[in-house]
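> sequence first, predicted coordinates after that:
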Amino acid sequence: MLDTLTRLLAPFVPFVAEYVWQHAIKPGNSTMAESVHLATWPVIDPNRTDERLRTDMVVARQLVETGRAARKASNIRIRQPLQRVLISVGDKELPAEIIAQVTDELNVREVATLLRQMR
């Protein structure tokens, strides 16, 4: 786990990652690469991915992009908090964590969801 984290951190904090690699990871396992920068990139385990979270985050990104575009078109800066934003995501229900993220990103106090009526 620490070796994976160190590999992921290497492009952002190269000297710290190399120090951790040389003093915590390499001494415990002689089969590891000489440097964190020569180590292979971690492989994604498809069994540990959450498809629902992935699709919810795609929706959240689209909502935030649309909200920011609407603010820009109305000349309302993101620093100015708004009382409420109305969103439409079809008949899908977004988790509270995603709604909270959208609320924070758009700097609004409340996110109200418009549900599409099925006929």
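Received, thanks.

> use CA for all of it now, contacts and neighbours both
Fine.

> show me the contacts for Arg84.
Contacts for Arg84 (Cα atoms under 8 Å, 6 or more residues apart in numbering) come out as 108-112.

> if any of the residues you listed are buried, put those into a ChimeraX selection.
To isolate the buried ones among the contacts of Arg84 in ChimeraX, judged by 16 or more other Cα atoms under 10 Å, type:
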select :108,110,111
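
> quick one: secondary structure of Glu93?
coil (DSSP: H, G, I helix; E, B strand; the rest coil).

> how close does it get to Pro42?
33 Å (Cα to Cα, to the nearest Å).

> narrow the contacts of Arg84 to those in strands?
Within those, residues falling in strands by DSSP state E are 108-112.

> how about those in CSV, adding pLDDT?
Listed next are the ones in strands among the contacts of Arg84 as CSV, based on pLDDT from 0 to 100:
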residue, pLDDT
Val108, 94
Arg109, 94
Glu110, 91
Val111, 88
Ala112, 86
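
> so who does the residue nearest the centre of the chain touch?
The centroid of the chain falls nearest to Met57 when counting by Cα atoms, centre = their mean (7.5 Å). Neighbouring residues of Met57 by Cα under 8 Å, 6+ apart: Ile98.

> what helix or strand is it located in?
helix 51-73 (DSSP states H and E).

> pLDDT on the helix or strand following that helix, on average?
Using DSSP H and E, the helix or strand that follows helix 51-73 in sequence is strand 82-88. On average, the pLDDT along strand 82-88 is 89.

> convert the C-alpha atoms of strand 82-88 to PDB, please.
What follows is strand 82-88 as a C-alpha-only set of coordinates in PDB (Å, rounded to 0.1, in the frame of the first residue of the first chain):
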ATOM      1  CA  LEU A  82     -26.400  32.300  -4.200                       C
ATOM      2  CA  GLN A  83     -29.400  31.100  -2.300                       C
ATOM      3  CA  ARG A  84     -30.500  28.200  -4.500                       C
ATOM      4  CA  VAL A  85     -29.800  26.400  -7.800                       C
ATOM      5  CA  LEU A  86     -32.200  24.200  -9.600                       C
ATOM      6  CA  ILE A  87     -30.800  21.200 -11.400                       C
ATOM      7  CA  SER A  88     -32.300  18.500 -13.600                       C
END
